[in-house]
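Novice: Got a predicted structure plus its sequence, pasted below:
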2 protein chains.
Amino acid sequence: MIKGQNTIGFQLSALGNESIKAIRVDNQQELEGEFISATSEEINLAVEKSVKAFDVYSKISGVKRAEFLEAIAGEIEALESKLIDRAMLESGLPQGRLEGERGRTCGQLRAFAALLREGSWVDAKIETAIPDRTPIPKPDLRKINTAIGPVVVFTASNFPLAFSTAGGDTASALASGCTVIVKAHESHLGTNSLVAGAIVSAAKKTNMPEGVFSSLNSKDYSVGTALVMHPSIKAVGFTGSIKGGKALYDLAQTRKEPIPVYAEMGSVNPVLLMPSKLKDNAKDLAATYSNSITMGVGQFCTNPGIIIGVQSDSLNEFAKELASNMAKVKGSCMLNKGISDNFDSNSTKILSSSTVEVLHKSSEVSYDNKGSILAKINASDFLANKDMSDEVFGPFSMIVSCKNIEEMQKVVASLEGQLTVTIMANKNDYTENSSLIYSAQKIAGRVIYNGTPTGVEVCRAMHHGGTFPSSTNGKYTSVGQDAIYRFVRPVAFQNSPEQFLPEELKNGNPLKIMRIVNGKYSNSSI
Amino acid sequence: MIKGQNTIGFQLSALGNESIKAIRVDNQQELEGEFISATSEEINLAVEKSVKAFDVYSKISGVKRAEFLEAIAGEIEALESKLIDRAMLESGLPQGRLEGERGRTCGQLRAFAALLREGSWVDAKIETAIPDRTPIPKPDLRKINTAIGPVVVFTASNFPLAFSTAGGDTASALASGCTVIVKAHESHLGTNSLVAGAIVSAAKKTNMPEGVFSSLNSKDYSVGTALVMHPSIKAVGFTGSIKGGKALYDLAQTRKEPIPVYAEMGSVNPVLLMPSKLKDNAKDLAATYSNSITMGVGQFCTNPGIIIGVQSDSLNEFAKELASNMAKVKGSCMLNKGISDNFDSNSTKILSSSTVEVLHKSSEVSYDNKGSILAKINASDFLANKDMSDEVFGPFSMIVSCKNIEEMQKVVASLEGQLTVTIMANKNDYTENSSLIYSAQKIAGRVIYNGTPTGVEVCRAMHHGGTFPSSTNGKYTSVGQDAIYRFVRPVAFQNSPEQFLPEELKNGNPLKIMRIVNGKYSNSSI
């Protein structure tokens, strides 16, 4: 069942000589399957098939694409425990988490299918002609979102299912009418192979064109680089580190035709503990945040890396309780050795500063059993050293202690673009410190009140994309149905004969979608 | 009335020593007004005021911003003939054209105002909480488009009003809630000064914060470069050449935080003469296209630079008629000497190829009286030499003669991204050559049937932005109300108290806008 070949359209292919090992993360032993790195010939063939399939697939109706997405979800579920077992070995994540992630993955696919069945997402806008307008007649103009072209998806280490082979990027690109080539993650090659097989199976069952999906293995950066630089590729989706995402972004700008790279790169997700809330709820806040910081060994892009409050007995109590709660959470296996090594070096860099106090540091430090770290720093020292706001990916957080609200304001203003900002506050805080709350809203893509940044709801109103460097393009979300907008561009038709208009723009409105017709919302025919 | 100073917020400022001359284009004489190039100090002050004003302006209601835009239109109209007279001297464009352009400029400002008054453009999406959902509660999530930050606008040589100081870029950015700094065009410094004064006057009358608008003069690229590189600038609008637009785009990518550069750069706007239509209407087509090619001395980004047809008696008749019609159109003054020089060198480069036949070349060749050129080339020669598809900005067009429909298909497939593609066809063509028509739709942002690419309607269904290199970002339009989306990013609020939600997201829906609530369109309260 675990295929080591590359998936090129409906074919398995292994022309290359270089193989990559799949590793069981908790003991670093080799796992079943010999994964063959794609050759230039295979990369070009995958793109060629993707381009050819795009011509057909981008014209297929939304309902047919919905059937394809639903079939993918069904095929993934049909893999049953085989998929979960392999993902557990490769990612070190526990069964419950992966079962939940599978549910999320299939839920996303079905949510995009529902969006396509409803159909209004295309943003159809129609202005009918006014032939007798003076001095010149007004033409008939109709605009719709259309698929942008073949898309490359780089899968994420920390979501082997929900942001990988059939994850949010692939689902949204396929939903938009784009074809997809996945660059498999070296940390879950077998999981990728199983899901790629499920997608191909779904494509065959729903009569999708060969090449609508391909998946390539790579022993190093070469396959990813070749894909991003290929002139027929029109967009890139990526979830991972700032270094990796920015490198792909920069690479894509060196093309003759620059293309969008939607890199979701993570952030420190500042949490503001407002004074009155902190005073009333120090202990509860500590329990909530201990859970948020250590969940999934802290390996979420929304992990709360910085917690900001005004120095007080309450902040001390919170800090003490948080340290004590975190100390009770047992260590666990990280996603791969590289992430563990980075966690060690990034946390050491921060802890080695004389301005940083260690409130808790787990004695569990090995990659397969990593415990958490809680640090503390005064705001003045934090503000004096830019490195202190660097992300430490993993179970790490740092309390920033401010002299007063004004200094808290300065800390917030000093932060770079964030995926999220969280405001822990009560009614007194809303009244007394509204200007701090308003200014906090400016730095992030999502503003959370009295919750945790971890736990990203998949829905139409989600925005998971902050200003740089948390994302390369904060105008788009990578979570939720609106992720589809990354992979489309509008096309306007002027005085087009009915037969060359997409169904969504025809007078009769056969799909009964909501449109903006002469400035008014309408789901009627014209 | 003509001020040579820079407009920095509500102040006029001329700290620098270097002055720029405004030139009367038809005789190259100096015009009234000594224009002072902005210094670094002035650039920084303009950005500082823009940042400060943004904090206030981005929170002002849409209705208040609408009043500001409408006031700008009123102030521009109040300049009466003074504005038109100056623009005529600086641009060489005739009175009727500039009066029409003023109408378009004020119409755009009022169209954005109407969009803001209606209010639904913010794309409010709401998902209400499900506290008892298992295994975890669903939070309340609400998303809205918010202004991105201070924007720099580079004004266009060919639209001294409609795509300049208070043109489409400025109007859409101000509509979105962004503050604007204009880099004045050296070709219409006095016109810019008059319109900048009108904007400042409107801002004062409608109580807008100082710094909502500034305008800087520049003797060279230095002011524009400094503005694009300033860390507080969050987006750039540009209309002009591929060389200029791409240089600004590349510059913005070298920033620590890359920012979007919306450069609308023009294209050759291919026109497909389908066989049956050509046979029936050769003479009419020639009259229509003679007008489109020579209108405004061809100085439109939608000028039809390439006309593609299958070799036939009809194509010969069309070519002969077009040449004869074009010969009857008198030459006219170009926008500036640089554009005239580029027209000469770019057209010479194409005409000097031995594969190109000259069908018509006006004897009027001076910059102040430029006539038109019509060339012809065989498709095989066109396909063999990439330079033949380069834009010649001005009254130039080239007929590409194809052996058959298959070769026409190859010519279309060889073209880079275009703002527009035009299909001249009748019912026979729709039936017989639908695949060519479908493939033509893929290369452009707007597909025109049986019309001309020139004449870009300002409306909600317009898309004026093609794939690279016609624009740097084909996902956005620079014409029509949707241009506002270039300058916003979504922000999601999770479990936000009512008081920190924008009006558009409040339960009561006080602005009565259309929203997507739990997946359904609704303009009701919750």
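Specialist: Perfect, I can see it now. Everything quoted here is computed from the prediction, not taken from an experiment.

Novice: contacting residues for the residue nearest to residue A:470 when sequence neighbours are not counted?
Specialist: Of all residues beyond its chain neighbours, the one nearest residue A:470 is residue A:267 (3.9 Å), with distances taken as Cβ to Cβ, 6 or more residues apart in numbering or on different chains. (Glycine included, C-beta is placed from N, CA and C.) By Cβ atoms under 8 Å, 6 or more residues apart in numbering or on different chains, the contact set of residue A:267 is A:301, A:305, A:391, A:416-420, A:444, A:466, A:469-470.

Novice: check which helix or strand covers residue A:267.
Specialist: Under DSSP states H and E, no helix or strand contains residue A:267.

Novice: Could you give the backbone dihedrals for it?
Specialist: phi -170, psi -180 (degrees, to the nearest 10).

Novice: What distance do you get for it to residue A:416?
Specialist: If you measure residue A:267 against residue A:416 using Cβ to Cβ, to the nearest Å, the figure is 8 Å.

Novice: any common contacting residues for these two?
Specialist: Common contact partners of residue A:267 and residue A:416 (Cβ under 8 Å, 6+ apart): A:469-470.

Novice: Looking at the stretch 251-400 of chain A, which residue is nearest chain B?
Specialist: Checking the stretch 251-400 of chain A residue by residue against chain B with Cβ to the nearest Cβ singles out residue A:257 as nearest, at 4.4 Å.

Novice: which one is that residue nearest to, not counting chain neighbours?
Specialist: Going by Cβ to Cβ, 6+ apart, residue A:257 has residue B:468 as its nearest residue, at 4.4 Å.

Novice: what about residue A:524, how many neighbours?
Specialist: For residue A:524, the count of nearby residues is 10 (other Cβ atoms under 10 Å in any protein chain shown).

Novice: Can you give me the pLDDT of it?
Specialist: pLDDT for residue A:524: 97.

Novice: Would you mind measuring from it to residue A:512?
Specialist: Look at residue A:524 and residue A:512: by Cβ to Cβ, they are 9 Å apart.

Novice: now swap in residue A:205 and tell me
Specialist: According to Cβ to Cβ, residue A:205 and residue A:512 sit 28 Å apart.

Novice: what about the closest residue to residue A:205 other than its chain neighbours, helix or strand, and which?
Specialist: Nearest residue to residue A:205 in three dimensions, chain neighbours excluded: residue A:71, at 5.5 Å (Cβ to Cβ, 6+ apart). With the criterion set as DSSP H and E, the secondary-structure element containing residue A:71 is helix A:62-78.

Novice: what's the distance between the helix or strand following that helix and the middle of its chain?
Specialist: Towards the C-terminus, the helix or strand next in line after helix A:62-78, according to DSSP H and E, is helix A:80-91. Taking Cα atoms, centre = their mean, to the nearest Å, one finds helix A:80-91 lying 21 Å from the centre of the chain it belongs to.

Novice: list the helices and strands the following helix or strand past helix A:80-91 packs on?
Specialist: Taking DSSP H and E as the definition, the helix or strand that follows helix A:80-91 towards the C-terminus is helix A:95-118. Using 3 or more Cβ pairs under 8 Å, 6 or more residues apart in numbering or on different chains; DSSP states H and E, the elements in contact with helix A:95-118 are helix A:62-78, helix A:80-91, helix A:168-176.

Novice: Now do helix A:95-118 and helix A:168-176, the angle between them.
Specialist: 20 degrees (axes from the mean of the first three to the mean of the last three Cα atoms, to 10 degrees).

Novice: In helix A:95-118, which residues are buried?
Specialist: A:97-102, A:104-106, A:108-113, A:115-116, A:118 (16 or more other Cβ atoms under 10 Å in any protein chain shown).

Novice: Not counting sequence-adjacent ones, nearest residue to residue A:33?
Specialist: The shortest distance from residue A:33 to any residue other than its chain neighbours is 4.0 Å, reached at residue A:2 (Cβ to Cβ, 6+ apart).

Novice: Surely that neighbour is in contact with residue A:193?
Specialist: Yes. With contacts defined as Cβ atoms under 8 Å, residue A:2 counts as touching residue A:193 at a distance of 5.5 Å.

Novice: Find residues that contact each of these two.
Specialist: Listed as contacting both residue A:2 and residue A:193 by Cβ under 8 Å, 6+ apart are residue A:33.

Novice: Tell me which of those two has more neighbours.
Specialist: When neighbours are counted by other Cβ under 10 Å, residue A:193 comes out ahead of the other of residue A:2 and residue A:193, with 26 against 18.

Novice: The closest residue to residue A:25 other than its chain neighbours: what's it in contact with?
Specialist: In space, and not counting its chain neighbours, residue A:25 is closest to residue A:92: 4.1 Å by Cβ to Cβ, 6+ apart. Residues in contact with residue A:92 (Cβ under 8 Å, 6+ apart) are A:25-26, A:332-335, A:368.

Novice: swap in residue A:201?
Specialist: Under the contact definition (Cβ under 8 Å, 6+ apart), the residues listed for residue A:201 are residue A:75.

Novice: Next, give phi and psi for it.
Specialist: phi -60, psi -40.

Novice: how far away is the residue nearest to residue A:25 from residue A:351?
Specialist: Plainly put, residue A:92 is 24 Å away from residue A:351 if you go by Cβ to Cβ.

Novice: just residue A:141 next, same as before
Specialist: Computed as Cβ to Cβ, the residue A:141 to residue A:351 distance reads 60 Å.

Novice: These two: which is more packed in?
Specialist: residue A:141 (25 against 16).

Novice: Chain B contacts on the stretch 301-450 of chain A?
Specialist: Counting by Cβ under 8 Å from any Cβ of the partner chain, the stretch 301-450 of chain A comes close to chain B at A:416-417, A:430, A:434, A:437-438, A:441, A:444-450.

Novice: switch to 7 Å and redo it
Specialist: Applying Cβ under 7 Å from any Cβ of the partner chain, we find that the stretch 301-450 of chain A lies next to chain B at A:430, A:437, A:441, A:445-450.

Novice: Show only the entries of those found in helices.
Specialist: Using DSSP state H to define helices, the subset of these located there is A:430, A:437, A:441.

Novice: Now restrict the residues you listed to buried residues only.
Specialist: Buried positions within those, assessed by neighbour count (16+ other Cβ under 10 Å), are A:430, A:437, A:441.

Novice: could the residues you listed go into CSV alongside pLDDT?
Specialist: Compiled in CSV, these are given as follows (pLDDT from 0 to 100):
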residue, pLDDT
A:430, 96
A:437, 94
A:441, 86
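
Novice: Could you report the separation of residue A:436 from residue A:410?
Specialist: 10 Å.

Novice: so where is the stretch 1-150 of chain A shaky, pLDDT-wise?
Specialist: Low-confidence segments of the stretch 1-150 of chain A, defined by pLDDT under 70, are located at A:1.

Novice: rerun at 80
Specialist: Within the stretch 1-150 of chain A, the ranges that satisfy pLDDT under 80 run A:1-3.

Novice: how about the residues of it that lie near chain B?
Specialist: Counting by Cβ under 7 Å from any Cβ, the residues of the stretch 1-150 of chain A near chain B are A:125-127, A:136, A:138-139, A:141-143.

Novice: By neighbours, which of those residues wins?
Specialist: Neighbours here are counted as other Cβ under 10 Å. On that basis the top member of the residues of the stretch 1-150 of chain A next to chain B is residue A:143, with 29 neighbours.

Novice: residue contacts, it?
Specialist: Residue A:143 makes contact with A:125, A:490-492, B:461, B:463, according to Cβ atoms under 7 Å, 6 or more residues apart in numbering or on different chains.

Novice: Output those residues as a markdown table; include the columns secondary structure and distance to residue B:21.
Specialist: Formatted as a markdown table, the entries for those read as follows, by DSSP: H, G, I helix; E, B strand; the rest coil; distance: Cβ to Cβ, whole Å:
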| residue | secondary structure | distance to residue B:21 |
| --- | --- | --- |
| A:125 | strand | 45 |
| A:490 | strand | 42 |
| A:491 | strand | 44 |
| A:492 | strand | 41 |
| B:461 | coil | 42 |
| B:463 | coil | 39 |
